[in-house]
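[1] Please find the sequence and the predicted model below.
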Amino acid sequence: MTLSQDLARDLLEMKAVQINPNEYFTWTSGIKSPIYCDNRLTMSYPTIRRKIVEAFVQKIKEMDEQPEVIAGCATAGIPHAAWLAERLDLPMVYVRSKPKGHGKGNQIEGEIKEGQKVLVIEDLISTGGSSIESAKALEKEGAKILDVFAIFSYGLKKATQQFEAANLSFSTITNFDELIDALVEDDKLNNQQKKELLEWRDNL
């Protein structure tokens, strides 16, 4: 079993990701979805959050360039960025969804220097909008964005298109397809349900 498949099962077991092909969830956007993802739950499971950090470390080892700073997207990406930065003994910053309305009006907390190589950490990539905004805020401060890493992705075409348009790349530890395959292997979904779920995702 790969680390990606292993983590997919972990997320299902702790109900960080739930799939119900018969009764759809409603996302904040109003979209009706057979899947609901809340990776914030991983904070409460030390063994799994360490596994997530190690998965990120493996991905970093495969990169052509190594990060000099780890950046967390507010809010759910912050703890994982902090654990990863600690593991790698690297500086960390985090990026707000918008500048503060008081004080110094910071959008980025922590120190970024011109030309520093930054890896952005997010918990979930759906359409990619918030991750891209964070990366662009860092670029405005002179950072060089190496990549955006996340725990999970729905695999939506819109995310791929938006990252390409922003001239950014992203990578995730596990994804919608891995979850579906794990559920089929464990006899919790049949092949017809798998087909319907993949069609839902691909048509979104």
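    That came in fine, so what should we check first?

[2] Skipping its backbone neighbours, what lies nearest Leu90 in space?
    Spatial nearest neighbour of Leu90, excluding adjacent residues (C-beta to C-beta, 6 or more residues apart in numbering): Ile70 at 5.4 Å. Every residue, glycine included, has its C-beta placed from N, CA and C.

[3] Determine the number of other residues adjacent to that neighbour.
    By the criterion of other C-beta atoms under 10 Å, Ile70 has 28 neighbours.

[4] do the same with Glu62
    Look at Glu62: counted by other C-beta under 10 Å, it has 7 neighbours.

[5] show me the contacts for Asp186.
    Arg9 (C-beta atoms under 8 Å, 6 or more residues apart in numbering).

[6] can I get the CA coordinates of stretch 112-131 in PDB?
    Extracted C-alpha coordinates of stretch 112-131, given in PDB (Å, rounded to 0.1, in the frame of the first residue of the first chain):
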ATOM      1  CA  ILE A 112       9.800  37.200   3.800                       C
ATOM      2  CA  LYS A 113      12.900  38.400   2.000                       C
ATOM      3  CA  GLU A 114      13.200  39.200  -1.700                       C
ATOM      4  CA  GLY A 115      14.000  36.100  -3.700                       C
ATOM      5  CA  GLN A 116      13.400  33.500  -1.000                       C
ATOM      6  CA  LYS A 117      12.200  30.100  -2.300                       C
ATOM      7  CA  VAL A 118       8.800  29.400  -0.700                       C
ATOM      8  CA  LEU A 119       6.700  26.300  -0.400                       C
ATOM      9  CA  VAL A 120       3.000  27.000   0.200                       C
ATOM     10  CA  ILE A 121       1.000  24.500   2.400                       C
ATOM     11  CA  GLU A 122      -2.700  24.100   2.200                       C
ATOM     12  CA  ASP A 123      -5.000  21.500   3.700                       C
ATOM     13  CA  LEU A 124      -7.400  21.100   0.800                       C
ATOM     14  CA  ILE A 125      -7.500  22.100  -2.900                       C
ATOM     15  CA  SER A 126     -10.900  22.400  -4.400                       C
ATOM     16  CA  THR A 127     -10.900  25.000  -7.200                       C
ATOM     17  CA  GLY A 128      -7.500  26.300  -6.000                       C
ATOM     18  CA  GLY A 129      -8.700  29.900  -5.600                       C
ATOM     19  CA  SER A 130      -7.500  30.500  -2.000                       C
ATOM     20  CA  SER A 131      -4.200  28.800  -2.500                       C
END
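
[7] looking at this, the residue nearest to Leu90 is in a strand?
    Yes - the assignment for Ile70 (DSSP: H, G, I helix; E, B strand; the rest coil) places it in a strand.

[8] Model confidence for the closest residue in space to Gly128 that isn't next to it in sequence, exactly?
    Leaving aside its chain neighbours, Gly128 sits nearest to Ala159 (4.0 Å; criterion: C-beta to C-beta, 6+ apart). Note on Ala159: pLDDT of 94.
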